[in-house]
Each structure stands twice: as C-alpha cells, then as structure tokens.
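>>> for reference, the sequence and a predicted model appear below.
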Amino acid sequence: MNNIQATDWYRFFIKQQVKPGDLCIDATMGNGNDTLLLCRLAGPSGHCMAFDIQEEALLRTKSLLESEDIPDSTYTLLLESHENIDLYAKPESISCIVFNLGYLPSGDHMLATKPGSTLAAIKQGLPLLKKGGLMTLCIYSGGDSGFEERDAVLDYLKKLPPKQYLVIVSQYYNRPKNPPIPVLVIRL
C-alpha cells in the first residue's frame, strides 16, 4: 500500500459522493486542486463554486482550470470569504463542500484560515448540504498556524446532533509534527 496523504483520504470519499450534475463548493480554493476535482466529477451539467480571500489563489486556480480545459460554465471563482457561502446556494442544494484549512501552499503563512470565519462557514454550510451530502475538512494545525482553529472546529463538530450528522475524524496516529486531520461530515 502506498503512503496515503490526508488529501488522498478525503478525495476518495469525494469521488464516491459527487455525481454528474451536482452542485459543489470548494470553501478554500487555494491552488485549485479540489476545485478541479469537483468540476471533473460534477461534469458539464454540474457546477462548482470556489471561495478564497486571496487573489493569488483565484489566479492559480483559474490557470489550473484553463490548463485542464475545464469549461468556464462549470465553475465560479469567488474572491470572497468562505463565511459567506450561504449567500450563494439554497438550503439542501449542495452535494459536497470541501475545506482545506490553513494557509495557501507557498503563500504567506500570516494569511491563514481563522477559527471565527471557519466556524461561521461550517455552520452556514451544513444546512446547504442535501440529505446524504458530504462536507470534508482537512485540518492543518502544525508549525505556525491552526491549533486554535483545530480545537474550535473539532469541539464544534463533536456537538453536532448525531441524528442529523455523522462526523468521522481520522488521524495519522504515528506521524510526528501535528499531521493534518481529515474529517468527514455526512448529513443524514
């Protein structure tokens, strides 16, 4: 078995979830890899909305999608905080929401996701999920960012009503230096 990264783990479940025609959200656009995956899975009849507060993330994502010949009609890139995702979708309309917490890879570490906006985004995103919908979170907390955010997010998710949501938290138990924590939230 190959060395499985946190992103490989949650993308496995995204690939099981997203079908052609689905509406999806990449709540933390970054370099655009999750946006690309969601666009491919939802296909030309689906749509992916991707959010980031950094113009560099939007430019990187746009470049990636263009290089992969993804039609403009299948995505909307928003220079907007993920805490406003509820302004862009109706309740129970979203198949999958993806969060990759932390900072833009190769970007400014001072510009990272924060507990307040991330918790707001999660709270607003949960009702957007259709029944059986999936929210994935990859929580990076090592080095210079994220311990407060990690603790706040995990505390909030632990308190979700178990008859409405299934929360699965995984961890790389024997890896040093605060490895990422992949999380699945399924709306029941």
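Structure received.
>>> can you map out the strands along this structure?
For the chain, the strands defined by DSSP state E cover 23-26, 47-52, 75-79, 94-100, 129-139, 165-169, 181-187.
>>> pipe the ones you listed into TSV and attach mean pLDDT, mean neighbour count and distance to Tyr10 per row.
Where you see a C-beta, it was placed from the backbone N, CA and C, and this is true even at glycine. Shown next, in TSV, are these (pLDDT from 0 to 100; neighbours: other C-beta atoms under 10 Å; distance: least, C-beta to C-beta, whole Å):
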stretch	mean pLDDT	mean neighbour count	distance to Tyr10
strand 23-26	98	27	12
strand 47-52	97	25	16
strand 75-79	98	18	20
strand 94-100	96	26	8
strand 129-139	96	21	4
strand 165-169	97	14	10
strand 181-187	96	20	5
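>>> could you dump those strands to a markdown table with distance to Asp8?
Converted to a markdown table, the strands of the chain look like this (distance: least, C-beta to C-beta, whole Å):
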| stretch | distance to Asp8 |
| --- | --- |
| strand 23-26 | 17 |
| strand 47-52 | 20 |
| strand 75-79 | 23 |
| strand 94-100 | 13 |
| strand 129-139 | 10 |
| strand 165-169 | 16 |
| strand 181-187 | 9 |
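>>> what's around Glu68, how many residues?
By other C-beta atoms under 10 Å, the residues close to Glu68 number 11.
>>> that one and Leu37: what is the separation?
Distance, Glu68 to Leu37, using C-beta to C-beta, to the nearest Å: 10 Å.
>>> quick one: the helices in this protein?
Counting by DSSP state H, the chain has helices at residues 6-17, 33-42, 55-67, 115-125, 147-158.
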